[in-house]
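Peer 1: Please find the sequence and the predicted model below.
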Amino acid sequence: MEAKQEETKQIVPVELQIMQAKQAGEFAMTTVGQTVKKFEVTQRMGQMYAGSTLVPKTYAGNLGNCAIAIDMAMRMNANPLMVMQNLYVVNGNPAFSSKFLIATINASGRFSLLRYEFKGKEGNNEYGCRCYAYETADKEKKEPLYGDWITMQMANAEGWVTKSGSKWKSMPLQMLRYRAAAFWQRVYCPEISMGLITTEEAEDIQDISYEEVSKQTKTLDFEQPKEEVQQQQDENKPSVDEPKQEEQPEPQNADDLFRKK
Amino acid sequence: MKLKCLGSGSSGNCYLLTADNGETLILEAGVPASNVFKEVEYDKIIGLLISHQHGDHAGRIKDYLGKSINTYISKECFEGLKIKKKSTLNFFENEKQFEVGQYKILPFRLEHDVPCYGFLIKASGHGNLLFCTDTHSISYNFKNIETLMIETDFDYSILIDNINSGLVNRTLGIRIMNTHLSIDTAISVAKRCKNTLLGNIILLHLSKNNSNSDVFKKRMEEATGCPTYIAQKGLEVKLGLPF
């Protein structure tokens, strides 16, 4: 009798376990369940990357950053470590390196390799660069996909050149190429960068500090007579002949005068 | 210096500002001039100052134009009143100070449905007197205010109740809100003006239906700590510090 009761006790938890496993399996099949599963996997992978000594400093020991980089890498079909090595935080905002963005476009298989076209004379304002490529499907290369012209005039007008430490002064050709590629990518395949800008752009387009100007209320008062104004100015003016003496605190009121005496 | 009120509100406004030597400046011409002449000797009147063209402020201007009393109005007010130019009429301009007897006067623009001006007035030996009426708001700060004469036409809650109960026409109610000073706004202006000199506050132009003089006086006194008076016919206030 007792043995039978013991057997029942053991059977119930097993059945319960099976039922729970079945429910978990059904849940995992739902959209929410898949998201949860994906999150759990990302988190586990993130823990691994966060503990690695090969990842850049921004990611070392930072599970959140690693998880974000892994998520981006999955969406971009790229290696997480490659994303980490090319995703920088500039002025508090994440940004891709231009070379990574160009490599991703080239590796996407959707376009031919990016090409650069220059115009104008180096050193002039009209000197500029634009990118172009062809869709893979356009075998005969009939329809080039042109990006916008990036010129030195534009760089000057946008204030990219005059920023302190600007690379537009030291390596304008490289910057023209990078910027032209970024502009091209934003037009023809914005999904590649997932809305992020390049590090070079982030450096150029950082927010400047500003001061909020509140509405000033004018204070209305009578004009002082000219003689009084002149007198005040004369009083404030230090004498040229006499050496300036140390200022003595003036008595506050009549009572102070009496106390002095 | 003393102030006498001969009328305040939409039925007619007039205030007499009398200096220590008896020189009297009339503020607003909303009551018959005969009432003024009963109170002050004709020779002692040095001028009449008018804020805007509405009848309760300038309706009796013609009583004065025939007499040799210098009247000070804005050009817009003159055009609005459609009166003939007289040699005693003088035009003032926004933020351009002028003198009438011993009084220095600085007019400044207010927010009403017609061009309207407030006045910063200074008599010798006194701090500044600020006179503001018929305005939605006051967009200035002021220094050394000794006496504050400020409109407190209505209280929002009373006015809204009156609109809802049908006592005040909705259109009129909205016009009042957009062209007159509420007790709340007046208190905030008074707080901005508060300084060690501020000795008296006189609340002007209280609406018959949309205000509560006792509550207004109490609220202003609590907010500023200054003696507060309600301008009504016959009110007389000695201005200046008590020494």
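Peer 2: Alright, I've got the coordinates. Numbers count the residues shown, from 1 in each chain, chains lettered A, B, ... in the order given.

Peer 1: what are the ranges of the helices in the chain?
Peer 2: Picked chain A for this. For chain A, the helices defined by DSSP state H cover A:2-29, A:31-51, A:63-76, A:80-86, A:98-107, A:152-157, A:167-170, A:172-188, A:190-193, A:199-204, A:226-236, A:254-260.

Peer 1: look at chain B instead
Peer 2: For chain B, applying DSSP H gives helices covering B:33-39, B:55-58, B:61-65, B:75-81, B:156-165, B:170-179, B:183-193, B:213-224.

Peer 1: what helices or strands is the first one leaning on?
Peer 2: In terms of contacts (3 or more C-beta pairs under 8 Å, 6 or more residues apart in numbering or on different chains; DSSP states H and E), helix B:33-39 is packed against strand B:2-7, strand B:14-18, helix B:61-65. Backbone N, C-alpha and C define where each C-beta goes, glycine included.

Peer 1: got the contact list for A:C131?
Peer 2: A:114-117, A:146-147, A:177, A:180-181, A:183-184 (C-beta atoms under 8 Å, 6 or more residues apart in numbering or on different chains).

Peer 1: nearest to B:S11, of those?
Peer 2: Nearest to B:S11, judged by C-beta to C-beta, of the contacts of A:C131 is A:F183 at 72.0 Å.

Peer 1: which non-adjacent residue is nearest residue 118?
Peer 2: No chain was given, so I picked chain A. A:C129 (5.2 Å; C-beta to C-beta, 6 or more residues apart in numbering or on different chains).

Peer 1: hm, I was asking about chain B
Peer 2: In this structure, B:G118 finds its nearest non-sequential neighbour in B:C132, 4.0 Å apart by C-beta to C-beta, 6+ apart.

Peer 1: Bridged to that neighbour, which residues?
Peer 2: B:I150 (DSSP bridges).

Peer 1: What parts of chain B come near chain A?
Peer 2: When proximity is defined by C-beta under 8 Å from any C-beta of the partner chain, chain B lies next to chain A at B:95, B:97, B:104, B:106, B:108, B:120, B:122, B:128, B:139-144.

Peer 1: Only whichever of those residues are buried, select them in PyMOL.
Peer 2: Selection command for PyMOL covering only the buried members of these, criterion 16 or more other C-beta atoms under 10 Å in any protein chain shown:
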select buried, chain B and resi 97+104+106+108+120+122+128+140+142+144
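
Peer 1: Now tabulate the residues of chain B next to chain A in CSV and tack on pLDDT.
Peer 2: Output for the residues of chain B next to chain A, formatted as CSV (pLDDT from 0 to 100):
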residue, pLDDT
B:E95, 90
B:Q97, 92
B:K104, 92
B:L106, 94
B:F108, 93
B:L120, 93
B:K122, 90
B:N128, 90
B:S139, 84
B:Y140, 87
B:N141, 87
B:F142, 88
B:K143, 85
B:N144, 86
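
Peer 1: now for the residues of chain B next to chain A, which pair is the farthest apart?
Peer 2: It's B:K104 and B:S139 that sit farthest apart of the residues of chain B next to chain A, by C-beta to C-beta, at 21.6 Å.

Peer 1: Out of the helices and strands packed on helix B:33-39, indicate the one that is most buried.
Peer 2: For the helices and strands packed on helix B:33-39, the largest average neighbour count (mean count of other C-beta atoms under 10 Å in any protein chain shown) is found in strand B:14-18, namely a mean of 23.

Peer 1: how about the residue nearest to A:A182 when sequence neighbours are not counted, what does it touch?
Peer 2: Taking C-beta to C-beta, 6+ apart, and ignoring the residues beside it in sequence, A:A182 has A:T198 as its nearest neighbour in space, at 4.7 Å. Residues near A:T198 by C-beta under 8 Å, 6+ apart: A:95-98, A:101, A:178, A:182.

Peer 1: Quick check: which of the helices of chain B is buried the most?
Peer 2: Comparing the helices of chain B by mean count of other C-beta under 10 Å gives helix B:55-58 as most buried, with a mean of 21.

Peer 1: so where's the chain uncertain?
Peer 2: Reading this off chain A. Where chain A drops to pLDDT under 70, the residues are A:1-12, A:91, A:195, A:205-216, A:225-261.

Peer 1: The intended chain is chain B.
Peer 2: Scanning chain B for pLDDT under 70 picks out B:241-243.
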